[in-house]
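Novice: only the shape, not the letters, is given here:
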């Protein structure tokens, strides 16, 4: 199968529908990735949901544990993106080639699927989408699930292997954020309580100047992106006009995982805005332990 044949019909936006994916489960040029996991309350250990995957998953899906795969396990800051060599090896193990379409899903507001969407693009692989509705929407729609053991695919079904090549402008580091210019808008995806400093973090608050667009207000409990009017309301409350979004957006969160959700939503509202957006990979987990300035409270609403 050629790249042209299996890329034909791939939606331009960051999401694909359950029906779109259901029609392509047997396409060797499409690799489905289950990224289910949990980021618990501040201070608690993160949790993989590999056991849930083993019990039931989309037919043929591969599992990615975001707390070990595609992660620099030696970095003292949690969940940081792996280096190119580790990412290349992980992609090969999962069957992701240079021209593979990747569809990621989870069951928690698309935060892990969104993280993989951003991570692969940050390594130069743009043919990646998030399953709208995730696991919850897939099951609710009556689509097939499987409990069969899934072996790593290994290699690429469509030929050319994928080699991770970092796209540096998509990944910001702490010094980039600290020295950002006034034209850069920093969007914090955490809850309004954590942003304000009342959410239980050891150091409460947010990075000075950041605005707040909580991921739970962008993707519903049903797994689907919320209606356009609701998305627009969240961004307008943050001071962002979805019709004319800032040219430079950097998203952050607790430890970099849910930061991609505002970028997904912006990409739907204003194509190009989300894919241009970067993620501050260290996010609050790093910033809060550096002794840098913090702000607390919510901004006044007009």
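Specialist: Perfect, I can see it now. What you see is a predicted model, and the numbers here were worked out from it, not measured in a lab. Numbers count the residues shown, from 1 in each chain.

Novice: immediately after the helix or strand hosting residue 90, which helix or strand?
Specialist: Per DSSP states H and E: residue 90 is located in helix 84-94. Using DSSP H and E, the helix or strand that follows helix 84-94 in sequence is strand 101-105.

Novice: adjacent strands (with direction) for that next one?
Specialist: Note on strand 101-105: by DSSP bridges, its sheet partners are strand 30-34 (parallel), strand 128-131 (parallel).

Novice: mean confidence for stretch 222-242?
Specialist: The pLDDT scores in stretch 222-242 average 97.

Novice: now find how far off-centre it is within its chain.
Specialist: In terms of Cα atoms, centre = their mean, to the nearest Å, the centre of stretch 222-242 is set 17 Å apart from its chain centre.

Novice: how about that stretch: buried residues?
Specialist: By 16 or more other Cβ atoms under 10 Å, the buried positions in stretch 222-242 come out as 223, 224, 225, 226, 231, 232, 234, 235, 237, 238, 240, 242. Placement of C-beta: from N, CA and C, glycine included.

Novice: now, the residues you listed that are in helices?
Specialist: Under the assignment DSSP state H, the buried residues of stretch 222-242 contribute 231, 232, 234, 235, 237 to helices.

Novice: just the endpoints, please. Distance across stretch 228-246?
Specialist: Using Cα to Cα, to the nearest Å, one end of stretch 228-246 lies 18 Å from the other.

Novice: stretch 74-85 now?
Specialist: Terminal residues of stretch 74-85 are spaced 14 Å apart (Cα to Cα).

Novice: what is the mean pLDDT for stretch 113-124?
Specialist: For stretch 113-124, mean pLDDT is 98.

Novice: avg pLDDT for stretch 10-29?
Specialist: Computed over stretch 10-29, the mean pLDDT rounds to 95.

Novice: okay, the strands paired with strand 101-105 in a markdown table with distance to residue 50 and mean neighbour count next?
Specialist: A markdown table is the format used below for these (distance: least, Cβ to Cβ, whole Å; neighbours: other Cβ atoms under 10 Å):
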| stretch | distance to residue 50 | mean neighbour count |
| --- | --- | --- |
| strand 30-34 | 9 | 25 |
| strand 128-131 | 19 | 25 |
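
Novice: quick one, the helix holding residue 90 and strand 101-105 angle?
Specialist: 90 degrees (axes from the mean of the first three to the mean of the last three Cα atoms, to 10 degrees).

Novice: quick one: buried residues of helix 84-94?
Specialist: Going by 16+ other Cβ under 10 Å, helix 84-94 has these buried residues: 86, 87, 88, 90, 91, 92, 94.

Novice: show me the shaky parts of the chain.
Specialist: 1-8, 40-45, 152-158, 300-302 (pLDDT under 70).

Novice: show me how it divides into domains.
Specialist: According to automatic domain parsing, the chain comprises the domains 3-140, 168-287.

Novice: quick one: neighbours of the closest residue to residue 38 other than its chain neighbours, just the number.
Specialist: Nearest non-adjacent residue to residue 38, counting by Cβ to Cβ, 6 or more residues apart in numbering: residue 47, 4.4 Å away. Neighbour count for residue 47, taken as other Cβ atoms under 10 Å: 14.

Novice: please report phi then psi for residue 47.
Specialist: phi -130, psi 130 (degrees, to the nearest 10).

Novice: from residue 134, how far off is it?
Specialist: 17 Å (Cβ to Cβ, to the nearest Å).
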